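J.: everything below, folded, please.
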Amino acid sequence: MERRRLGMRSFVQEKSYGSVKVFWLDRERLLQALEEKAAELLATFPEVLAVVLFGSLARGEATPRSDADLLLLVGEAPPFLERPGRYLPLFADLGFPVDLFVYTPKEAEANPLARRALAEGRVLAERKG
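T.: The predicted structure follows:
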């Protein structure tokens, strides 16, 4: 499998029962890996204030075809469309798809998606002080 050759972790588990294959998401392992990546984001990028997981994975409804939706709050930000590209390379070896939504706190207050993510999401890491 391509992921194994590249040394990437797979969070999708598989079990065969005769001719039937069952797939499921190892949510706890994935959450732990995302928390590690969130801490790495804060250590690497001083402008990152917080990393919040939201969507189906945060709600416990994710399937093997889901992705991880992450809201990043940043103090200083490049142009809006350039933001995800700055942080996505850190997730390249995760072995699970990630969608990044990067906002300043002021932008997040004005954006319904970001407000909902902050209200209902799970904080993976945040800068203290």
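J.: just checking, residue 57 touches residue 27?
T.: Yes - shown here, residue 57 and residue 27 form a contact pair, counting by Cβ atoms under 8 Å, at 7.2 Å. (Glycine included, C-beta is placed from N, CA and C.)
J.: look at the two and report which has more neighbours.
T.: residue 57 (23 against 14; other Cβ atoms under 10 Å).
J.: ok, now which ones touch that one?
T.: Contacts for residue 57 (Cβ atoms under 8 Å, 6 or more residues apart in numbering) come out as 27, 30-31, 66-69.
J.: in helices, which of those appear?
T.: Secondary structure from DSSP state H places 27, 30-31 of the contacts of residue 57 in helices.
J.: which one of the residues you listed is nearest residue 75?
T.: residue 31 (25.6 Å; Cβ to Cβ).
J.: which stretches of this structure form strands?
T.: In the chain, the strands defined using DSSP state E lie at 12-17, 20-25, 48-54, 68-74, 98-103, 122-126.
J.: now do the fourth one: distance to the chain's middle.
T.: The chain centroid and the centroid of strand 68-74 are separated by 7 Å, computed with Cα atoms, centre = their mean, to the nearest Å.
J.: strands paired with that strand, and their directions?
T.: Sheet pairing of strand 68-74 (DSSP bridges) gives strand 48-54 (antiparallel), strand 98-103 (parallel).
J.: pick the most buried one from these.
T.: strand 48-54 (a mean of 22; mean count of other Cβ atoms under 10 Å).
J.: extract the C-alpha set from it and format it as PDB.
T.: Extracted C-alpha coordinates of strand 48-54, given in PDB (Å, rounded to 0.1, in the frame of the first residue of the first chain):
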ATOM      1  CA  VAL A  48      -0.900  30.500  15.600                       C
ATOM      2  CA  LEU A  49      -3.000  31.200  18.600                       C
ATOM      3  CA  ALA A  50      -5.200  28.100  18.700                       C
ATOM      4  CA  VAL A  51      -6.100  25.000  16.800                       C
ATOM      5  CA  VAL A  52      -9.800  23.800  17.000                       C
ATOM      6  CA  LEU A  53     -11.100  20.500  15.600                       C
ATOM      7  CA  PHE A  54     -14.700  20.800  14.400                       C
END
